Each structure stands twice: as structure tokens, then as C-alpha cells.
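Colleague: My questions are about this predicted structure, shown below with the sequence.
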Amino acid sequence: MKKFPRILACVLCLSSCFGRNTPENLNAPGGPLDSAPSGGRPVDDNTGAAIDSVSVTDDEGNTISFDKPFARIISFYSAHTENLFALGAGASLIGGHSTCNYPAPAKELPVFEYTGDPEYVIAASPDLVLIRPFIRRRNPAYISALENAGIPVISLYPESLKDFDDYIRRLALLAGADAEQKLNEFHTRLQNIEAKSAEIKNKLNVFFETTERETRTASPESLPILAIEISGGVNIARDAKPVNQLSSIAPYGAEKLLSQAENIDAYIIQTGAMNPSNSIDALRKRPGFSTIKAIRGGKVLFIDEKIISSPVFRYLHGVKTIAHFLYPDEFDEPEALE
């Protein structure tokens, strides 16, 4: 799966920072900062010898050099947080954004908002802050304040699935973790699903909805559409165009969708902040939608956007969920996530 040339999707005023744990308590004995690991010196993969210094260049072109992994990281993006836990480096995190809610330990992290007062972050004394490019575009003054205070800021966001491995390796290097086993397992399992679905003869036509507004779908090169194709589905909205080059959201329109009502075998809806709908009854009440074959027959799947549109290892679970939904006789239902 490392060969995929698909483009990844996805998606201010100052206010006080808020959180489940207040920044004032971060340095207390036994608190997050007190228990953070010191990290180890990077090691050459070929010789096993210690490396005096390594460098990481982020997705905004900024380069940072360091001689040991960062041990007190604040993450402003849920995917960074989730992936660090998946890599076994969750202990390096001393704070996260309010959207960082997986896995369960992420919910216990002190919460920091990049729309609040940067002094709360500065006072926590992180040795690294992780963002994505969207965050700097959203609030450049906040990020500049952190950098001016001497806090390193790294911005990462893979623009395509083929960039996922490089993204994960850089994240692992920053935290002193090993990425290869997780990456190999991830790709092997995706390849197994794709190989099995390739043998299915009567493939289902699928429409994927990102938001009810303008009956939006995802662009043909996005993660959700890729998941459908890996699972053996046929994207019925292959001609959808994204709203702009930085987005995978693509307006499709109810009229255009309804013109293909009888050809849509399965309907998948992404749920989350952008699209809270999770009721098939509400879907049937939309004008004309009860004529859509999939909706008429109840072949509708509501799926969490964080397992299908985010660059995380849980994307594999999203693919498994879609595969089972489309072809339950061919694919087992995936085990529930913890």
C-alpha cells in the first residue's frame, strides 16, 4: 500500500485556555511534567551507534536538530496524539488539544487550545509543540509567540497516503519511538483486504457523504474514497471536484445524486464535527432521498470521520468496517476498538 498516489483529505480571537487539568498543576510532584520520560539518544539503524544529533524538516520547511528525543510534547492535533500513543510514545505527551480523545489515556492529558493565551503553553515548559499547517494558518500570532519564547514547533500533515510512512517516521524520531513494525503491519493488512476484495465480481456502487450541506462527498483521491476502493466498492461520484486544492471536500448536489438514485447500492455517511447526522430516518426525510436504492433498502453506514478521514493507524479499522458493511459474507466484522 506504500505506493498509493492518493491525496489525503481531510480539515482568531484570543480566549483563555481550558482543560481537564489546569496548567497550574502541571509541575506538581507526580504530575505530567514530573513523570515525563527523559528519552534516549538516537541510534543509527545500520551500525547501532549513538548519533550526536539528528534533524527533522517539517511540512512547512522548518528544520530542527536535536540530540535526544523530546520528552515533554504538547500536541495540538488529535492525529499526532493518537499516533504517538500507537507508537508507544504516549508518555512523552504532557498536553493535547480538546479534540484529542483517543486512546483513553489521551483524555487524561491537560488540554491546551491554540486559540487561547499562549502563556499557558509557555508556562508548561514543553520541549516541543506539534501542530499541522492549518493551525499556523488559523492563528499565526499564537504559534509565533511560542517560537519567540524559544519553544520548538514542528508542523506535520501528510498530503497523501504515500506520505504517511514518512510522516510516522518523523513523528517516531521526534519521540524516540520505532515505527517500522507498526507500518509494516498496517500496510500488510490493507494489502490483504485489497487482494480479497479484488476477487469480488459483483461490486457495489457507493456514495460517500461528508456533509449534508450541498450533499458534499469526498474527492476521488481522498482517504475515504480510497478506503471504499480498497474494500471493493465503486465510487459513484468519481467526477466530484474539491472545493479548493487544500481540501478533499467536494460539493455534489442533491439533484445530481438523485439522478443516480437507482444505481446507488450503498450509502456511507461520515459523522463528526462536520456532519453530526446519524439517523437513517432523518436521511429518508430529506426531499427525494427515500427514492435512493440504498436508503430505501437500509444499506446505510454511519462511520466516525476520525477512523476514515484522519492520517492514523485506526484508518485500518475504518477500512475493515467498510469492507464488512459492503460484503458481510466476505469480510468479518472488525473487533471493537478499546
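Modeller: Noted; the coordinates are in hand. Numbering: from 1, shown residues only.

Colleague: Okay, domains of this protein per the record?
Modeller: Listed domain ranges for the chain are 23-178, 199-326 (source: automatic domain parsing).

Colleague: Helices of this structure, start to end?
Modeller: Taking DSSP state H as the criterion, the chain carries its helices at 78-86, 118-123, 133-138, 140-148, 164-175, 180-197, 223-230, 254-258, 280-284, 293-296, 315-326.

Colleague: So for S247, which of those sits nearest?
Modeller: Among the helices of the chain, helix 133-138 comes nearest to S247, with 10.4 Å by CB to CB. Just so you know, the C-beta spots here come from the backbone N, C-alpha and C atoms, and that holds for glycine as well.

Colleague: who does that closest one touch, helix- and strand-wise?
Modeller: Judged by 3 or more CB pairs under 8 Å, 6 or more residues apart in numbering; DSSP states H and E, helix 133-138 is in contact with strand 153-155.

Colleague: before we move on, back to that, which one of the domains of the chain has the lowest average pLDDT?
Modeller: Note on the domains of the chain: domain 23-178 shows the lowest mean pLDDT, a mean of 86.

Colleague: among the domains of the chain, which is nearest P334?
Modeller: domain 199-326 (3.9 Å).

Colleague: roughly how far is that closest one from the heart of the chain?
Modeller: 17 Å (CA atoms, centre = their mean, to the nearest Å).

Colleague: Stretch 126-141 too?
Modeller: Remark: stretch 126-141 is offset 16 Å from the chain centroid, using CA atoms, centre = their mean.

Colleague: Would you map the strands across the protein?
Modeller: Along the chain, counting by DSSP state E, strands occupy 54-57, 63-66, 73-75, 93-96, 128-131, 153-155, 205-209, 217-218, 234-235, 249-250, 266-271, 300-304.

Colleague: Check the offset of the first one from the chain's centre.
Modeller: It stands for strand 54-57. Using CA atoms, centre = their mean, the offset of strand 54-57 from its chain centre is 23 Å.

Colleague: of all the helices of the chain, which lies closest to I94?
Modeller: helix 118-123 (10.3 Å).

Colleague: Contacts for stretch 198-214, please.
Modeller: Stretch 198-214 is contacted by residues 215-218, 224-225, 228, 232-237, 249-253, 257, 260, 263-270, 274-275, 277, 286, 294, 305, 309, 326-327, 330 when judged by CB atoms under 8 Å, 6 or more residues apart in numbering.

Colleague: for the closest residue to E333 other than its chain neighbours, what are its contacts?
Modeller: Sequence neighbours aside, H324 is the residue nearest to E333 in space, at 4.9 Å (criterion: CB to CB, 6 or more residues apart in numbering). Residues near H324 by CB under 8 Å, 6+ apart: F331, D332, E333, P334.
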